[in-house]
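K.L.:
model the following, please.
(chains A and B)
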Amino acid sequence: EPEVTQTPSHQVTQMGQEVILRCVPISNHLYFYWYRQILGQKVEFLVSFYNNEISEKSEIFDDQFSVERPDGSNFTLKIRSTKLEDSAMYFCASSPDRARNTIYFGEGSWLTVV
Amino acid sequence: GQNIDQPTEMTATEGAIVQINCTYQTSGFNGLFWYQQHAGEAPTFLSYNVLDGLEEKGRFSSFLSRSKGYSYLLLKELQMKDSASYLCAVRVLTGGGNKLTFGTGTQLKVEL
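P.N.:
This is a model prediction of the structure:
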C-alpha cells in the first residue's frame, strides 16, 4: 500500500536554528498538509498546499514557517528560527482530492528544540 | 470555530465491546473521521462518516448523527493491541482543500 514518507524521524536542534522537515506524499495525490502534535496534546492543523501554493494556514503557521514543493516528489516544511515551543511531532499528510475520505498521514518527524 | 469533545480515558476488558463518544460543534461540517494513534506514531485511519448512520468495517463501526453533532466509534472483540488513543476529527472543506480539526483523543486501555 502506498504511504507518505517523512525524514528525518527525529531531529534535535538548537533554539534559533533553521530546520527543514521533508515529506514524500503519495505519488498521485494533489493535496498536501502539515500537522503537528505537541507531546500530550492534540493534533493541530498547520497548513494545506495545492497547485504549488498555500490554500489555507492556521494561526500557528506564522512567518517563521514556510512550505515548498521543490520538485515533483518532495514537500518540505521549513522553520526559520526555531523556538523551544516548536518541539513537537510534525506529521505530513496527503490526499488525492479535497473531498474524498482518504487523508493519509506519514509516520512523523519528532523535532526537539533545546 | 470548531469544538470537539471526547472522553479523556476509558478502560475495557479483552473480548468486550467499547463505545467511544464524540460530540462536535462546527461550521462547514463535511465529514467525521476516526483515527487510531499509538504513542509516538502517526494517526492511522479507521473510519469515516459523512451521512447519518452506521458504517461497519470489521471489528470497528462508526455512527454519525449530524443533527445532534454526535458520533461514536464502536470496537468489538477487543484485543490487547487495541490499547491506543482514538482521535475524533471533523473535516471542513476550505477554499483550496480540506482540513481536519482533531479532538484531544480518548486513551483506551484494554485489560485482561
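
K.L.:
I'd like to know which elements the worst-scoring helix or strand of chain B on mean pLDDT is packed against.
P.N.:
The weakest-scoring helix or strand in chain B, judged by mean pLDDT, DSSP states H and E, is strand B:98-102 (a mean of 88). If you count contacts as 3 or more C-beta pairs under 8 Å, 6 or more residues apart in numbering or on different chains; DSSP states H and E, strand B:98-102 packs onto strand A:31-37, strand A:43-50, strand B:29-37, strand B:84-93. Placement of C-beta: from N, CA and C, glycine included.

K.L.:
out of these, which one sits most buried?
P.N.:
Comparing those by mean neighbour count (mean count of other C-beta atoms under 10 Å in any protein chain shown), strand A:31-37 comes out on top with a mean of 25.

K.L.:
starting at the chain centroid, how far to it?
P.N.:
5 Å (C-alpha atoms, centre = their mean, to the nearest Å).

K.L.:
sorry, back to before: in JSON lines: the helices and strands packed on strand B:98-102, plus mean pLDDT and distance to residue A:74.
P.N.:
Shown next, in JSON lines, are the helices and strands packed on strand B:98-102 (pLDDT from 0 to 100; distance: least, C-beta to C-beta, whole Å):
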{"stretch": "strand A:31-37", "mean pLDDT": "95", "distance to residue A:74": "10"}
{"stretch": "strand A:43-50", "mean pLDDT": "94", "distance to residue A:74": "12"}
{"stretch": "strand B:29-37", "mean pLDDT": "93", "distance to residue A:74": "25"}
{"stretch": "strand B:84-93", "mean pLDDT": "93", "distance to residue A:74": "26"}
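
K.L.:
export those strands to CSV and tack on distance to residue A:106?
P.N.:
Shown next, in CSV, are the helices and strands packed on strand B:98-102 (distance: least, C-beta to C-beta, whole Å):
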stretch, distance to residue A:106
strand A:31-37, 10
strand A:43-50, 13
strand B:29-37, 13
strand B:84-93, 16
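
K.L.:
remind me which helix or strand the residue nearest to residue B:88 when sequence neighbours are not counted belongs to.
P.N.:
In space, and not counting its chain neighbours, residue B:88 is closest to residue B:22: 3.5 Å by C-beta to C-beta, 6 or more residues apart in numbering or on different chains. Assigned by DSSP states H and E, residue B:22 falls within strand B:18-25.

K.L.:
which other residues reach that strand?
P.N.:
B:2-7, B:10, B:12, B:32, B:34, B:68-75, B:78, B:86, B:88, B:90, B:103, B:106, B:108 (C-beta atoms under 8 Å, 6 or more residues apart in numbering or on different chains).
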